[in-house]
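Peer 1: How does the following fold in three dimensions:
(one chain, ligands or ions: 1)
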Amino acid sequence: MPERTPRVVVVGGGFGGLAAAKALRKARAEVLLIDRNNHHLFQPLLYQVATAVLSPGQIGSPIRSILRNQKNTTVVLGEVTGVDKAQKCVFVSDADRQDVPVAYDYLILATGASHSYFGHDEYEKFAPGLKSLADAVEVRNKVLSAFEQAEAEEDPSRHRDLLTFVLVGAGPTGVETASAIAFLVSNTLRSEFRRVDPASARIVVVDRGDRVLGSFSQDISRAAKQRLEKLGVEVRLGQSVDQIDADGVVVAGERIPSKTVIWTAGVTPSPAGKWLNVETDRAGRVRIQKDLTVPGHPEVFVVGDTASLDQDGKPLPGVAQVAMQQGRYAGRLIHRRLTGKPAPGPFSYFDKGNMAVVGKGFAVLESGKLRIHGFIAWLAWAAVHLEFLAQSNLRVSVFVQWVWTYLTGQWGSRLIVNYYGSERRRLVSDAPQKAMAASK
Ligand SMILES: Cc1cc2nc3c(=O)[nH]c(=O)nc-3n(C[C@H](O)[C@H](O)[C@H](O)COP(=O)(O)OP(=O)(O)OC[C@H]3O[C@@H](n4cnc5c(N)ncnc54)[C@H](O)[C@@H]3O)c2cc1C
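Peer 2: Alright, predicted model coming up:
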């Protein structure tokens, strides 16, 4: 009897899952990568799609294209809905079938996180978050539509409200998005409107913490705040959002009328902890061991944003580097087990540093004792982000776009992509006729 090839199921083709699959490229195993999206997404540049610098296709790549030369790997489009640890299978749903069991010998869960409204899910309708390409296109539609609505509005007293943009959360995404909107209004859109002056737009960043970029050091936070203010962004720290509705936000008891509120304040892990029925931290992330497995199940690994692991007494942050290093470690560990080699030492995260961009030609960078801000940091930021894009065609295209934008101030993809109300009605009313036609 020929020996059965062991199967490694990787759930998630983000930073962690992709690194794991790549680390298994030489393994004598059948690798099955399952993702509910057909693309790997470079989330750190999502804000540039949301603010119309880049187009969606410049920060996402089809997972099967990235892994096309990896012959032992099959990519499946589907959503995992549960795990049966005893039977060693995951349940996968797609457009056709529900909860199909897929067996594994090894399982790597790298299902990431989504945004959290801290118990106020009703805010989502008015304040989209930024986690997927669909989110970024929705935010882009909202931002660009605000200018169109203001231009169409004859009553000048309404212009101010229509051109008020509120970012909830002063972490890297809030800061980067706010500064990109500031650049958009003062450069790209400057000469294109007749009734409104885009540069008069009000951009507000709100956070209940006492500094912007709270995960950076004090002096870097200070530099980022000064830079935001120089760009005309209003920074409101130590203030909580009490309410978000169709008319705007209420911050520390004061209403800020706005048609464009963007949520960048919190994340919640995928339900991997519930699927596995194992211990999680307070945020719901799966508590894993030093070899990234779940206690009692040496064949089940959890990596990236959906995992919780302490190092030097502190939880590892939810950043791409952690996910990539953990994914690579899990893939290599499985490879070694399959070849009968001894296990490597425990996982140890190597922190290469933190960066965030604050408008054109300005970034902040922290790496070990090095703390810099300004143009040099921005060059480093640009180089690192280009390097980590998934495919070389994206690197070239993003590089060219950035150079063009830097030199001309012109943004890349300023399209509002929406159905017209009448089109959607037609689609809905046509549906039964189309279904009948198809059945004939
Ligand atoms: C706007 C934004 C900006 C960021 N900026 C930075 C930055 O500048 N630097 C940095 O280091 N980090 C940044 N991060 C964080 C970083 O992107 C994450 O830490 C990283 O993506 C985590 O990798 P992951 O593999 O755990 O999850 P992800 O990369 O999120 O991948 C999860 C994958 O799992 C798939 N998936 C989820 N659930 C299921 C399911 N049930 N079935 C099938 N597939 C599923 C998803 O489709 C996705 O492809 C940013 C995040 C965001 C949202």
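
Peer 1: Check the gap between the closest residue to the ligand within the stretch 251-400 of the chain and Leu292 for me.
Peer 2: Closest residue of the stretch 251-400 of the chain to the ligand, CB to the nearest ligand atom: Gly304 (2.2 Å). Yep, even glycine has a C-beta here, placed from its N, CA and C like the rest. Per CB to CB, to the nearest Å, Gly304 is found 10 Å from Leu292.

Peer 1: who has more neighbours, those two?
Peer 2: Higher neighbour count among Gly304 and Leu292: Gly304, with 34 against 23, using other CB atoms under 10 Å.

Peer 1: Wait, that one touches Val322, no?
Peer 2: Yes - the criterion here is CB atoms under 8 Å, and Gly304 meets it with Val322 at 6.8 Å.

Peer 1: Residue numbers of the stretch 301-440 of the chain in contact with the ligand?
Peer 2: Gly304, Asp305, Thr306, Gly318, Val319, Ala320, Gln321, Ala323 (CB under 6 Å from any ligand atom).

Peer 1: again, 5 Å this time
Peer 2: Gly304, Asp305, Gly318, Val319, Ala320, Ala323 (CB under 5 Å from any ligand atom).

Peer 1: any chance of the residues you listed in CSV, plus secondary structure and pLDDT?
Peer 2: Listed next are those as CSV, based on DSSP: H, G, I helix; E, B strand; the rest coil; pLDDT from 0 to 100:
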residue, secondary structure, pLDDT
Gly304, helix, 98
Asp305, helix, 98
Gly318, coil, 95
Val319, coil, 96
Ala320, helix, 97
Ala323, helix, 98
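
Peer 1: What about the residues you listed, which one has the most neighbours?
Peer 2: Gly304 (34 neighbours).

Peer 1: Next up, the contacts around that residue.
Peer 2: With contact set as CB atoms under 8 Å, 6 or more residues apart in numbering, Gly304 has these partners: 12, 14-17, 110-112, 318, 322-323, 326-327.

Peer 1: Would you mind pulling up the elements that the one helix or strand Glu176 maps to packs against?
Peer 2: Taking DSSP states H and E as the criterion, Glu176 maps to helix 172-183. Contacts defined by 3 or more CB pairs under 8 Å, 6 or more residues apart in numbering; DSSP states H and E place helix 172-183 against helix 46-50, strand 164-168, strand 202-207, helix 218-230, strand 233-237, strand 354-357.

Peer 1: could you check whether the second one is close to the ligand?
Peer 2: So that's strand 164-168. No - no part of strand 164-168 sits near the ligand under the criterion CB under 5 Å from any ligand atom; the closest distance found is 11.8 Å.

Peer 1: a helix runs through Arg28, doesn't it?
Peer 2: No - going by DSSP: H, G, I helix; E, B strand; the rest coil, the assignment for Arg28 is coil, not a helix.

Peer 1: Next, work out how far apart Arg336 and Arg328 are.
Peer 2: Arg336 is 13 Å from Arg328, by CB to CB.

Peer 1: So for those two, which sits in the more crowded spot?
Peer 2: Arg328 (19 against 14).

Peer 1: so who does that one touch?
Peer 2: Counted by CB under 8 Å, 6+ apart, Arg328 has contacts Ala19, Ala20, Lys22, Ala23.

Peer 1: what's the answer for Leu41, then?
Peer 2: Gly14, Ile59, Gly60, Ser132, Leu133.

Peer 1: Of those residues, which belong to strands?
Peer 2: Gly60 (DSSP state E).

Peer 1: residues in contact with the helix holding Glu176?
Peer 2: 46-48, 50-51, 53, 130, 139, 143, 165, 167-168, 201, 203, 205, 207, 212-213, 215, 224, 227-228, 231-233, 262, 264-265, 356-360, 362, 409.

Peer 1: which residues in the stretch 301-440 of the chain form strands?
Peer 2: Listed in chain order, the strands of the stretch 301-440 of the chain (DSSP state E, counting those that start in this stretch) span 307-308, 310-311, 314-315, 354-357, 363-367, 370-374.

Peer 1: So which elements touch the third one?
Peer 2: Helices and strands touching strand 314-315, as assessed by 3+ CB pairs under 8 Å, 6+ apart, are absent.

Peer 1: As JSON lines, the contacts of Gly304 with distance to Ser65 would be great.
Peer 2: Output for these, formatted as JSON lines (distance: CB to CB, whole Å):
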{"residue": "Gly12", "distance to Ser65": "17"}
{"residue": "Gly14", "distance to Ser65": "16"}
{"residue": "Phe15", "distance to Ser65": "17"}
{"residue": "Gly16", "distance to Ser65": "19"}
{"residue": "Gly17", "distance to Ser65": "15"}
{"residue": "Ala110", "distance to Ser65": "19"}
{"residue": "Thr111", "distance to Ser65": "21"}
{"residue": "Gly112", "distance to Ser65": "20"}
{"residue": "Gly318", "distance to Ser65": "27"}
{"residue": "Val322", "distance to Ser65": "25"}
{"residue": "Ala323", "distance to Ser65": "20"}
{"residue": "Gln326", "distance to Ser65": "24"}
{"residue": "Gly327", "distance to Ser65": "19"}
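
Peer 1: Flag whichever of these scores worst on pLDDT.
Peer 2: Lowest pLDDT within these is found at Gly318 (95).
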